[in-house]
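Novice: Dropping a prediction and its sequence here:
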Amino acid sequence: MNFVQTVAYTTSKPDEMRALGDEFNRENPDSPGMVSVRLLKDRDRENTYLLVAEFDSYEQAMENSARPEVDAFAKRMAELADGPPAFANYDLIHEM
């Protein structure tokens, strides 16, 4: 069963946040079980974003989250956010 992690955040530094994500992806092209990553911008709330990361399984997502480079990325991301990010974990139960 696929697994999805989300990170909701606000930032007044969207270009810096995007550059951080691009840098991380260049330096870490092989994340365990990573299927896709999507970055969504809220049309109704200024400076509000949602990062959606899909993995092959919960176990692989947890393996990825435990990597030191992912922890360092999360800390740098939090520094660019206007408040604490909200993390959530979901099992993908149906896809159309």
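Specialist: Nice, I can see it.
Novice: who touches the residue sitting nearest the centre point of the chain in this structure?
Specialist: Per CA atoms, centre = their mean, the C-alpha nearest to the average position across the chain is that of residue 51, at 4.4 Å. Residues near residue 51 by CB atoms under 8 Å, 6 or more residues apart in numbering: 6, 7, 8, 9, 21, 37, 38, 39, 40. The C-beta positions use only the backbone N, C-alpha and C, and glycine is treated the same way.
Novice: Who wins on neighbours among those residues?
Specialist: residue 9 (20 neighbours; other CB atoms under 10 Å).
Novice: What is the burial count for the nearest residue to residue 78 once chain neighbours are set aside?
Specialist: Closest residue in space to residue 78, ignoring its immediate chain neighbours: residue 85 at 6.1 Å, by CB to CB, 6 or more residues apart in numbering. Neighbour count for residue 85, taken as other CB under 10 Å: 18.
Novice: Over to residue 20?
Specialist: So residue 20, with other CB under 10 Å, has 16 neighbours.
Novice: centre of the chain versus the helix or strand in which it is found, how much separation?
Specialist: Assigned by DSSP states H and E, residue 20 belongs to helix 14-27. How far helix 14-27 lies from its chain's middle: 11 Å, per CA atoms, centre = their mean, to the nearest Å.
Novice: what's that helix in contact with?
Specialist: Contacts for helix 14-27 (CB under 8 Å, 6+ apart): 9, 11, 37, 39, 41, 47, 49, 51, 69, 73, 76-77, 80-81.
Novice: Just put those residues in JSON lines and tack on secondary structure and distance to residue 27.
Specialist: Below are these laid out as JSON lines (DSSP: H, G, I helix; E, B strand; the rest coil; distance: CB to CB, whole Å):
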{"residue": "9", "secondary structure": "strand", "distance to residue 27": "21"}
{"residue": "11", "secondary structure": "coil", "distance to residue 27": "21"}
{"residue": "37", "secondary structure": "strand", "distance to residue 27": "14"}
{"residue": "39", "secondary structure": "strand", "distance to residue 27": "17"}
{"residue": "41", "secondary structure": "strand", "distance to residue 27": "24"}
{"residue": "47", "secondary structure": "coil", "distance to residue 27": "26"}
{"residue": "49", "secondary structure": "strand", "distance to residue 27": "21"}
{"residue": "51", "secondary structure": "strand", "distance to residue 27": "17"}
{"residue": "69", "secondary structure": "helix", "distance to residue 27": "7"}
{"residue": "73", "secondary structure": "helix", "distance to residue 27": "9"}
{"residue": "76", "secondary structure": "helix", "distance to residue 27": "12"}
{"residue": "77", "secondary structure": "helix", "distance to residue 27": "14"}
{"residue": "80", "secondary structure": "helix", "distance to residue 27": "17"}
{"residue": "81", "secondary structure": "coil", "distance to residue 27": "20"}
